[in-house]
Each structure stands twice: as C-alpha cells, then as structure tokens.
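*Asks:* Next one to model:
(3 chains)
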Amino acid sequence: MDAVQRLLAIEEIKRLKARYFRTMDTKDWDGFRTLFTDDVEVDASEAFFPADHRGAPIETDLVRPQPDPSLRVKGLDRFMELQHRYLAGVSTVHHGHTPEIDVISADEATGVWAMEDKLRYPRRSRMREMHGYGHYRERYRREGDAWKIAALKLTRVRVDVMAG
Amino acid sequence: MDAVQRLLAIEEIKRLKARYFRTMDTKDWDGFRTLFTDDVEVDASEAFFPADHRGAPIETDLVRPQPDPSLRVKGLDRFMELQHRYLAGVSTVHHGHTPEIDVISADEATGVWAMEDKLRYPRRSRMREMHGYGHYRERYRREGDAWKIAALKLTRVRVDVMAG
Amino acid sequence: MDAVQRLLAIEEIKRLKARYFRTMDTKDWDGFRTLFTDDVEVDASEAFFPADHRGAPIETDLVRPQPDPSLRVKGLDRFMELQHRYLAGVSTVHHGHTPEIDVISADEATGVWAMEDKLRYPRRSRMREMHGYGHYRERYRREGDAWKIAALKLTRVRVDVMAG
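*Replies:* Numbers count the residues shown, from 1 in each chain, chains lettered A, B, ... in the order given. Here you go, the predicted model:
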C-alpha cells in the first residue's frame, strides 16, 4: 500500500468507530450490527476491573473485584445478546478519543482508542449511574470495501458507580 | 476530486469545527463569526429535547418537554444574537468527537460529530449547570479557500440540569 | 513538502499526542518520557488559573488565584520530576480533542488541542478530585523519523476542585 491508501484506510477506520459510538448511543442496533465481522471477538472481561491502573492506589468504586470471564464472547450473535442484556433500557453515552491506527496490510489493521462512557440505568435498578474511562484495543478486517471490527478488548483506568 | 484532495478537505473541515469549539469556549466571538456562511441555518430546536434517544426510557431531566422552534434560525446575524442571548456570562465547555465527514464535491461536504457540552450559569440564575451529550449534523460549503459551516442541527441523547 | 507528506506528518503528530495521554493515564512513565525532546519547554503556570476565560464571570473554584511560575520548566528531567511530584499516587484521566496541527516544515509543526482532565487524589489528601478543561498549545520537532513534543503550554477555561 502507498501512503495515500494507508491514510484512506485510517480515515475509514476512524469513521467505522465513529459509527460504533453513534449507533450504540442512539440505539440503532441494526446499524451497530453491520460494523462487525461475523466471527468478532469481544473481551470486556477486564472492563469493570481497572487492571490498567498500574502504580497508583485504586481510589475508586469497582464494579468487579476481579476479571469476569462471562464478559468475553466470540461471534456476532453472542455479542449482540450481551449488548442487549446489559444495555436494554439504559441511557448510554460513549465517546472515543485520540485513535492510534496501524494499517498492517490492505485488509488488516489494529487500533487503540481512549474512551469514556456514561450509563444511566432505569429507575428501580440496583445501579443508578456508571461512569468509566479506559481504552479499546481493536483489530480490523476489510471485507469487500468495508472495514469491520474483528476484535475488541476494553480495559478501564477508572470506573465510578452510583448506587440506585 | 482525487483521494488526496478529499483527505485535505476532511482535515480542513475537522479544523473548522475545532475552531468552532475553541472560539466559543474562549469567548472569541469575532473568530467564531468567521466560521459560518452568511446564510447559515442553525437548528437547535431539538437540542434540549433528547429526541434521538429511541427505545430507552428517558431517565433524565429535560430542559424542554418538546421541540422549541424558537431555537431554529437562518442567517449569521440572527445566529450570533442567539449565541449572545443564551451564552452571555455563561462558562462553557464544548467538545467534539469522532467526526464522520463526507466530501460531496470540491465545494460541498456534510458531517456528523458526537458532542458533549457543559455550561455553568452566573450566580442567581435559574439554572446552575447544564450538561449535554448529543450529535451535530452539519453541511459545509467552501467559499474561496475556506470551508465554512452552512448548516448545523444539534440533537442530544441526554441532557442533565442542576437548578440554581 | 507535498500534500501527502503534510497529511502523514499531521497523522503522526496526532498519534504522538495520543501516546502522551495513554502513557500518562496508564502510568507508563518510560513510554511517556520518549515523547519529548530533551530540551522540552513545559508551561503549566496558567493551567490552574483560567486566564482564557475572557468576558465571563469566573464561576468556579480556582486552584490558584494567579499564575504560578513554579509550573514552568525547561528540560525533560525537570519536567519528569514535576510529573512525578504532582501525579504520584494520583488516578488520572486525560483526553484530547479536535487537534489543529500546522506543519511548518519537514521537521517543525505546531498544534492546539482541546483537553479535559480528571484527577483523583489518594485518601487523606487535601484535594479529593480535580476536574479541568482547557487547551494545549504545542510545538513539535522531528528527530530522525520520530515527531516529538518540543514545547507545551496548558491553559484552562474551567477548573473544579473537590476538597478531601
């Protein structure tokens, strides 16, 4: 690939992730679904356990005291089930920042994104609000003309919760 | 347009919106004014009414119970009046995220931006703080060498307010 | 430089700043150190004094009543000392937004970034939380193949603190 093709791929992958955030927060689940490969691997097992936060005392409310393997799934159907189970009826805001995209070949790339999310649960839930900060580490694959998310791992540096 | 011209236009439009946020938050209204076409169309009529938030119960404090047509204006002078009326004396933070820019031709483009804003009102105001999250949908036009915002519609997925 | 080289430099500088935020928040100080020139000039003297906030009443809790010259240092060793002194044991989140990068030559560039940071101090500190919003103004220099931060000035439009 030449420099222009690499720059175009980087811009396309930034847009892919932009649609990820936008379709999730506007509950456009049909649009959200199109952004992933069928064999997508999603790992949020450490997302509620700020393992990244090395060297500093953890002055935060943790949702999980340790990694949770049930938050690691393979396959788009299982991932969509997970999304529906955790986000049905939840008001969500997800923002992505400062992407670091590496184009490996014409059809493969990796990326790191900083993120912040803010979830508000329906009344009478055990949790009222969740507010997290962390990083996505991702793998992308081009299928036809479209870049898709093939793997996604979310870790957090900080998670705050407000009880319901 | 070739790929390089399209990439340059996308970068220029990202910078245009960067100046939009920076001049607004530093109260550089002269600089802010230069970023729009004279016939700019601004629609914030749904910005305080989270209409985007489909499918989930609205667990939030709304500033408006329904769209407000007085927040839809045409023309730069009227838009600047609106800005002054709503933001005079208000401390503002506006951040834009994950742009999706489509270059239509050498002189036309559209874009979607995720956004977050945080307003703090002067003491003795009816409102103390407003904290919103949403999306800008925009149209851009090139005039001479400069891309300008020709239309802007703001919707939100969540709005929180703190009374004064 | 031609347009493609300029676009590549802009993307490299965006990634440089992405690593700045990521290595700081994951306490990867060895990685953080590699992002600067040896003679880096860092000016945070106005970062806790929202001088940018022109024209609006300052409705905020200031950490400093006026600029603090002790927060202006020259040289990478002195900057790293400052980082350690202020951030040891502190949970940090730093996000950067909407960069405006100007490539001056093959080896020189400048940039402006909007930013937000959120610091949480260890228990029994005088401060519990600091939450800031502002702008970085930076100078970059290419050394070999790598762009580095040669100068950085942070100002803020808003700073909130929570006492411990």
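*Asks:* right, and residue A:7 touches residue C:5 too?
*Replies:* No: counting by Cβ atoms under 8 Å, residue C:5 is not a contact partner of residue A:7; they are 11.0 Å apart. Quick note: C-beta positions are derived from backbone N, CA and C, even for glycine.
*Asks:* Looking at the two, which one has more neighbours?
*Replies:* Each of residue A:7 and residue C:5 has its neighbours counted (other Cβ atoms under 10 Å in any protein chain shown); residue A:7 has more, 22 against 12.
*Asks:* tell me the contacts of the more buried one?
*Replies:* Taking Cβ atoms under 8 Å, 6 or more residues apart in numbering or on different chains, we find residue A:7 in contact with B:7, C:4, C:7-8, C:11.
*Asks:* Check the gap between the nearest residue to residue A:47 once chain neighbours are set aside and chain B for me.
*Replies:* Nearest residue to residue A:47 in three dimensions, chain neighbours excluded: residue A:154, at 4.2 Å (Cβ to Cβ, 6 or more residues apart in numbering or on different chains). Per Cβ to the nearest Cβ, to the nearest Å, residue A:154 is found 16 Å from chain B.
*Asks:* Over to residue A:127?
*Replies:* Plainly put, residue A:127 is 12 Å away from chain B if you go by Cβ to the nearest Cβ.
*Asks:* who's in contact with that residue?
*Replies:* Here residue A:127 is in contact with A:119, A:121, A:161-164 (Cβ under 8 Å, 6+ apart).
*Asks:* Likewise for residue A:39?
*Replies:* Applying Cβ under 8 Å, 6+ apart, we find residue A:39 in contact with A:74-76, A:150.
*Asks:* For ChimeraX, write a command that selects the buried ones of these.
*Replies:* Of the contacts of residue A:39, the buried ones can be selected in ChimeraX as follows, counting by 16 or more other Cβ atoms under 10 Å in any protein chain shown:
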select /A:76,150
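*Asks:* Format the contacts of residue A:39 as CSV; extra columns: distance to chain B, secondary structure and pLDDT.
*Replies:* Converted to CSV, the contacts of residue A:39 look like this (distance: Cβ to the nearest Cβ, whole Å; DSSP: H, G, I helix; E, B strand; the rest coil; pLDDT from 0 to 100):
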residue, distance to chain B, secondary structure, pLDDT
A:74, 26, strand, 98
A:75, 24, coil, 98
A:76, 20, helix, 98
A:150, 19, strand, 98
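*Asks:* May I see the contacts of residue A:39 arranged in CSV, with distance to residue A:133 as well?
*Replies:* Converted to CSV, the contacts of residue A:39 look like this (distance: Cβ to Cβ, whole Å):
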residue, distance to residue A:133
A:74, 26
A:75, 28
A:76, 27
A:150, 25
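*Asks:* tell me the two of the contacts of residue A:39 that are most distant?
*Replies:* Within the contacts of residue A:39, A:75 and A:150 form the most distant pair, 11.8 Å apart (Cβ to Cβ).
*Asks:* Mutual contacts of these two, please.
*Replies:* Taking Cβ under 8 Å, 6+ apart as the contact rule, residue A:75 and residue A:150 both touch A:39-40.
*Asks:* follow-up on the earlier one: what's the closest of the contacts of residue A:39 to chain C?
*Replies:* Closest to chain C out of the contacts of residue A:39 is residue A:150 (21.2 Å), distances taken as Cβ to the nearest Cβ.
*Asks:* surely that closest one meets residue A:42?
*Replies:* No: counting by Cβ under 8 Å, residue A:150 does not reach residue A:42; the two are 10.2 Å apart.
*Asks:* need the contact list for the residue nearest to residue A:47.
*Replies:* A:43-44, A:46-47, A:115, A:134-136.
*Asks:* if we take those residues, which one ends up nearest to residue B:98?
*Replies:* Once Cβ to Cβ is applied, the member of the contacts of residue A:154 that ends up nearest residue B:98 is residue A:115, at 10.4 Å.
*Asks:* Now do the contacts for the closest one.
*Replies:* A:94-97, A:132-136, A:154.
*Asks:* again, only using 6 Å
*Replies:* A:96, A:134, A:136 (Cβ atoms under 6 Å, 6 or more residues apart in numbering or on different chains).
*Asks:* Repeat that for residue A:82.
*Replies:* Contacts for residue A:82 (Cβ under 6 Å, 6+ apart) come out as residue A:73.
*Asks:* which one of the contacts of residue A:154 has the most neighbours?
*Replies:* In the contacts of residue A:154, the most neighbours by other Cβ under 10 Å go to residue A:134, 25 neighbours.
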